[in-house]
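Undergrad: Give the three-dimensional model of this entry:
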Amino acid sequence: MAIKQELSERVATILRERWNVRDGNKVPEAQDLSLGNDAVKLDGVVLYADLDASTDLVDRFRPEFAAEVYKSFLHCSARIIKDESGEVTAYDGDRVMAIFIGSDSCDRAARSALKINNARIEVINPALKRQYPDTTYQLSHVVGLDKCNLFVARTGVRGANDLVWVGKAANHAAKLCILPDYQTWITAEVFNELSAACRTGADGTSMWEQRHWTNMNRIVYRSNWMWQC
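TA: Prediction:
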């Protein structure tokens, strides 16, 4: 069978097949869903942690050094996320995606973002300077958070497949990572569910500054605060 005919038949099947959709109470793994039109719905917070200026990093520095930066950032981010009971769902080059569900999911996601900033400032950059005292490189990053009802399906072919996360939070959390100057950006949907402890510091100072996200016409909040790991 020519591959074009095979593709045509598969696409036609996808488009006409009825969906089996169920509510979920845990973050699914690929094996929890079939490759057919099978899906789980979850209310969750999506976190994207993105290494900033990675193109400049790989263009200007040795590949071994760039790889060490990537590994350090992704390891710290994933470890913090798991410590806050989040689930890492994907690594995409220089960034990591995670999902938080259940009670206080917004608090746990926001703390993760602020702890990643703490790891950058007090762990990764000092370690880079100790190991490479002559380097001019300083790691920078951005974390984006958004919240919505997610539609999770399995996509790909046998032997090469993964989950696809459908919902504006998955897209908008990633897009928040391109906003400038601040390390953490969250949407109003996340901010509105934060506890007082995740909104203000011990001295009563707000951790967050409200802005209007013009491109998406949404209210968002930004922060350069950090939370001790």
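Undergrad: switch to C-alpha atoms for all contacts and neighbour counts from now on
TA: OK.
Undergrad: tell me what the strand ranked longest in the chain is packed against?
TA: As assigned by DSSP state E, the longest strand anywhere in the chain is strand 141-157. For strand 141-157, the packing partners by 3 or more CA pairs under 8 Å, 6 or more residues apart in numbering; DSSP states H and E come out as strand 38-51, helix 105-119, strand 160-166, helix 168-176, strand 184-187, helix 188-191.
Undergrad: got the CA positions of stretch 22-32 in PDB?
TA: Provided in PDB are the C-alpha atoms of stretch 22-32 (Å, rounded to 0.1, in the frame of the first residue of the first chain):
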ATOM      1  CA  ARG A  22     -13.600  10.400  30.600                       C
ATOM      2  CA  ASP A  23     -12.800  12.600  33.500                       C
ATOM      3  CA  GLY A  24      -9.400  12.000  35.100                       C
ATOM      4  CA  ASN A  25      -8.200  12.300  38.700                       C
ATOM      5  CA  LYS A  26      -4.500  11.800  37.900                       C
ATOM      6  CA  VAL A  27      -2.100  12.900  35.200                       C
ATOM      7  CA  PRO A  28      -2.200  10.100  32.600                       C
ATOM      8  CA  GLU A  29       0.700   8.300  31.000                       C
ATOM      9  CA  ALA A  30       0.800   7.300  27.400                       C
ATOM     10  CA  GLN A  31      -0.100   3.700  28.100                       C
ATOM     11  CA  ASP A  32      -3.300   4.900  29.900                       C
END
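Undergrad: Residues in contact with that stretch: which ones?
TA: If you take CA atoms under 8 Å, 6 or more residues apart in numbering as the criterion, stretch 22-32 is touched by A39, V40, K41, L42, E87, I99, I101, G102, R154, N161, D162, L163.
Undergrad: For PyMOL, write a command that selects the buried ones of those residues.
TA: The buried subset of the contacts of stretch 22-32, as determined by 16 or more other CA atoms under 10 Å, is captured in PyMOL by this line:
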select buried, resi 39+40+41+42+87+99+101+154+162+163
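Undergrad: Next, format the contacts of stretch 22-32 as a markdown table and append pLDDT and distance to M216.
TA: Listed next are the contacts of stretch 22-32 as a markdown table, based on pLDDT from 0 to 100; distance: CA to CA, whole Å:
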| residue | pLDDT | distance to M216 |
| --- | --- | --- |
| A39 | 92 | 27 |
| V40 | 92 | 26 |
| K41 | 94 | 24 |
| L42 | 93 | 23 |
| E87 | 95 | 27 |
| I99 | 97 | 22 |
| I101 | 96 | 24 |
| G102 | 92 | 27 |
| R154 | 91 | 28 |
| N161 | 83 | 31 |
| D162 | 83 | 28 |
| L163 | 88 | 25 |
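Undergrad: number of nearby residues for C148?
TA: C148 is flanked by 17 other residues according to other CA atoms under 10 Å.
Undergrad: Hmm, I typed the wrong one, I wanted K71.
TA: 13.
Undergrad: in what helix or strand does it lie?
TA: helix 63-83 (DSSP states H and E).
Undergrad: Enumerate every residue touching L145.
TA: 45-48, 109-110, 169, 172-173, 176, 185-187, 190.
Undergrad: at 7 Å what do you get?
TA: L145 makes contact with V45, V46, L47, Y48, A173, W185, I186, T187, according to CA atoms under 7 Å, 6 or more residues apart in numbering.
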